[in-house]
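# Sequence isn't available, so here's the structure alone:
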């Protein structure tokens, strides 16, 4: 008997349909998100800089997280003109309200690392 193969459509996550404040909060719950935000609180970074700083994250997962952070309004992607000709990520103005919490988390992490 010949098997039947069905192809299902890929659906966008329900989080993208949520109102912006809820979406932003839900994005923070994802794995790697805090680490990404802690890195971006220091300075702008290229995708490759983030990959280098977080070697355990796959490129696909990082791409997914960055898109979710952009969609939630927490991260902004800017284009650098030549000779750099690349994109850099930075915290968006909406994420400025998170800076005090990110600073405290960074201090706490530094204290744990000794």
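Yes, it's here. From a predicted model like this one, the values you see are computed outputs, not experimental measurements. Numbering: from 1, shown residues only.
# Give me the distance from the helix or strand harbouring residue 110 to the chain's centre.
Under the criterion DSSP states H and E, the helix or strand holding residue 110 is helix 99-113. Taking Cα atoms, centre = their mean, to the nearest Å, the mean C-alpha location of helix 99-113 is offset from the chain mean by 18 Å.
# That one: which residues count as buried?
Of all the residues in helix 99-113, those buried under the rule 16 or more other Cβ atoms under 10 Å are 102, 105, 106. Using the backbone N, CA and C atoms, a C-beta is placed for each residue, glycine as well.
# cool, stretch 60-80 as well?
Residues 62, 65, 66, 68, 69, 71, 72, 73, 74, 75, 76 are the ones in stretch 60-80 that count as buried (16+ other Cβ under 10 Å).
# and the fourth one, how far is that from residue 108?
The one in question is residue 68. Counting by Cβ to Cβ, to the nearest Å, the separation of residue 68 from residue 108 is 24 Å.
# Strands along this protein, start to end?
Under the criterion DSSP state E, strands of the chain are mapped to 45-46, 75-80, 86-91.
# Make JSON lines from the ones you listed and add distance to residue 35 to it.
Shown next, in JSON lines, are the strands of the chain (distance: least, Cβ to Cβ, whole Å):
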{"stretch": "strand 45-46", "distance to residue 35": "12"}
{"stretch": "strand 75-80", "distance to residue 35": "13"}
{"stretch": "strand 86-91", "distance to residue 35": "13"}
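# For the ones you listed, give me a markdown table that also has mean pLDDT and distance to residue 113.
Conversion of the strands of the chain to a markdown table gives the following (pLDDT from 0 to 100; distance: least, Cβ to Cβ, whole Å):
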| stretch | mean pLDDT | distance to residue 113 |
| --- | --- | --- |
| strand 45-46 | 96 | 20 |
| strand 75-80 | 92 | 25 |
| strand 86-91 | 93 | 23 |
